[in-house]
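Participant: this is a predicted model, with the sequence first.
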Amino acid sequence: MIHAVQRTKIEYGDFQTPSELAEKICSKLVQLGVIPDVIIEPTCGVGNFIDAAAHFFPSVDKIIGIEINSNYLQKIKTKDLFIKSTRIEIKNADFFQFNWISLINQLSGKILILGNFPWVTNSQQGTIGGGNLPEKNNFQNHSGLDAITGKSNFDISEWMLIQAIHWLQNRDGYLAMLCKTSVSRKILSYIHSKKLNLVYCATYKIDTKKYFNANVEACLLFCKFDLGSQNYFCDLFSSLEDSDYQRIGYRDNVLVRDVASFDKLRKLSAKSIQAKWRSGIKHDCSKVMELRKIDNVLVNGFGESVEIEDTYLFPLIKGSDVAQNRIKTTEKFVIVPQRFVGEETDNIKNLAPKTWQYLESHARYLDVRKSKIYQNNPRFSIFGVGSYTFAAWKIAICGLYKKLDFKLIGEINNKPVIFDDTVYILSFDNEQAAYETFKLLTSPLAISFYSSLIFWDEKRPIKSSILNSLNLATLAEDLINSKTVSSIS
């Protein structure tokens, strides 16, 4: 059970930035040549950034702090700096209700948006019943399944940062905000997708364990804006003190982790998808749909013995099995009630009555699956299924592991292997074609190409969009040519 104080801390992402870090950040901004006329901290907390800004930017005309917690504002008002200064202005207001456009339009000169937005997601807010979030809308413009499944989850700070970026469009200004590293990339992607103005972007890694006692990848996101520049790249620094950087940026509308490496291998980039990687099956009810063979008896997740036909039963290999090379045999099985998405399931009654009886007896679990994708679909529906699911040969890789480790997998006991939705697969009916493609994917050239694209700090670093970005035909031709040159020399 979450106590009231802890709940409030989670709801408001209440991790106050230590004075030491606020001062280091302001010092860095001075080094970068940031000269603002007005500084705004949209969620100022106890005012540590305000203190640092007042010290490092003595010539700034106005420093404005907005904070929803009135107790924090009382602490700011007791500080000598606030009492003695006429340029510091604080307001008690809710970020999501405040009229930011009105405020911004009243200000002239260069604006610096400075601070630290809440590090909490909308799903975490939902878990604790929190209300500190924007009015719900599909601001990321996801479509189809992405809009109603995991991809619609977002960090509250992502939404807040997007608002701040729009405040600074078509004017000279700066943004310097602490955020998760993954959020900083989403912000660059948003700016690129909307073709917004951006002069320069950089991130500086922050020691979150030291400053926040948190185990999360985070950074200072710095952006400079003007009236017309559209430079969609970001320089990554390993600390506030480091001068060396790695540049990420857009190539062919794809965000690339290592621009320099990718540019050397750019000819391998697919202009159109020839072979398509797909994810495994999604059913959201493992205790019913997944079975394990124990002493030659099938047992479900409730520990019940299950007696059903083989018609809809297939060997199952999960992402962890793929990653740990447990691919030759399996004691796991999964019920696959459809051959394609949306297929009617009533025929199971006649083809496999025991299977239908089993599903009906556990309908109380299957019928209440929360995801909207199951609504208005046949009873006991699954997703991530098609003709490719039942191909004899597959190349598989788990999207959750931080390693490019492809596996070539054939049938088990004369039945095609099924994978869970953490696995991406490339399907083949022909063993030779699967083997030749596997050799291509495990070549140093392919690994280097994929490595230039993958952001390994993400929860699911390997994605189908990345896997599909490699032109296998061009890769095969390149490898043949390199072997020919090698044999001649």
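Facilitator: All right, it came through fine.
Participant: residue ranges for the helices of the stretch 351-489 of the chain, please.
Facilitator: Defined through DSSP state H, counting those that start in this stretch, the helices belonging to the stretch 351-489 of the chain, from first to last, are 353-361, 363-366, 431-441, 444-451, 464-467, 472-488.
Participant: closest to Asp244 out of those?
Facilitator: Proximity to Asp244, assessed across the helices of the stretch 351-489 of the chain by Cβ to Cβ, is greatest for helix 444-451 (19.2 Å). The C-beta positions use only the backbone N, C-alpha and C, and glycine is treated the same way.
Participant: what's the least confident stretch among the helices of the stretch 351-489 of the chain?
Facilitator: Ranked on mean pLDDT, the bottom entry among the helices of the stretch 351-489 of the chain is helix 472-488, at a mean of 73.
Participant: nearest to Cys398 among the helices of the stretch 351-489 of the chain would be which one?
Facilitator: When the helices of the stretch 351-489 of the chain are ranked by proximity to Cys398 (Cβ to Cβ), helix 464-467 comes first, at 11.9 Å.
Participant: bridging residues for Ile90?
Facilitator: Using DSSP bridges, the beta-bridge partners of Ile90 come out as Gly65.
Participant: is it true that it touches Ile68?
Facilitator: No - applying Cβ atoms under 8 Å, one finds Ile90 not in contact with Ile68, separated by 11.8 Å.
Participant: look up phi and psi at Ile50.
Facilitator: The phi and psi values for Ile50, taken as degrees, to the nearest 10, are phi -60, psi -40.
Participant: how much space between it and Trp393?
Facilitator: 62 Å (Cβ to Cβ, to the nearest Å).
Participant: so which of the two has more stuff around it?
Facilitator: Relative neighbour count places Ile50 above the other of Ile50 and Trp393, with 28 against 23, counting by other Cβ atoms under 10 Å.
Participant: turn the helices of the stretch 351-489 of the chain into JSON lines, including mean neighbour count and distance to Ile64.
Facilitator: Formatted as JSON lines, the helices of the stretch 351-489 of the chain follow (neighbours: other Cβ atoms under 10 Å; distance: least, Cβ to Cβ, whole Å):
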{"stretch": "helix 353-361", "mean neighbour count": "17", "distance to Ile64": "60"}
{"stretch": "helix 363-366", "mean neighbour count": "14", "distance to Ile64": "53"}
{"stretch": "helix 431-441", "mean neighbour count": "15", "distance to Ile64": "54"}
{"stretch": "helix 444-451", "mean neighbour count": "16", "distance to Ile64": "44"}
{"stretch": "helix 464-467", "mean neighbour count": "17", "distance to Ile64": "41"}
{"stretch": "helix 472-488", "mean neighbour count": "12", "distance to Ile64": "54"}
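Participant: indicate which one of those is closest to Lys205.
Facilitator: Relative to Lys205, the nearest member of these by Cβ to Cβ is helix 444-451, separated by 19.8 Å.
Participant: who are the packing partners of that closest one?
Facilitator: When contacts are defined as 3 or more Cβ pairs under 8 Å, 6 or more residues apart in numbering; DSSP states H and E, helix 444-451 sits against helix 259-264, helix 472-488.
Participant: list the contacts for Ile206?
Facilitator: Going by Cβ atoms under 8 Å, 6 or more residues apart in numbering, Ile206 touches 21, 178, 218-220, 240.
Participant: from these, which would you call buried?
Facilitator: Neighbour counting over the contacts of Ile206 (16 or more other Cβ atoms under 10 Å) leaves 21, 178, 218-220, 240 as the buried ones.
Participant: specify which member of these is nearest to Ala352.
Facilitator: Comparing every one of these with Ala352 (Cβ to Cβ), the shortest separation belongs to Ala218, at 51.4 Å.
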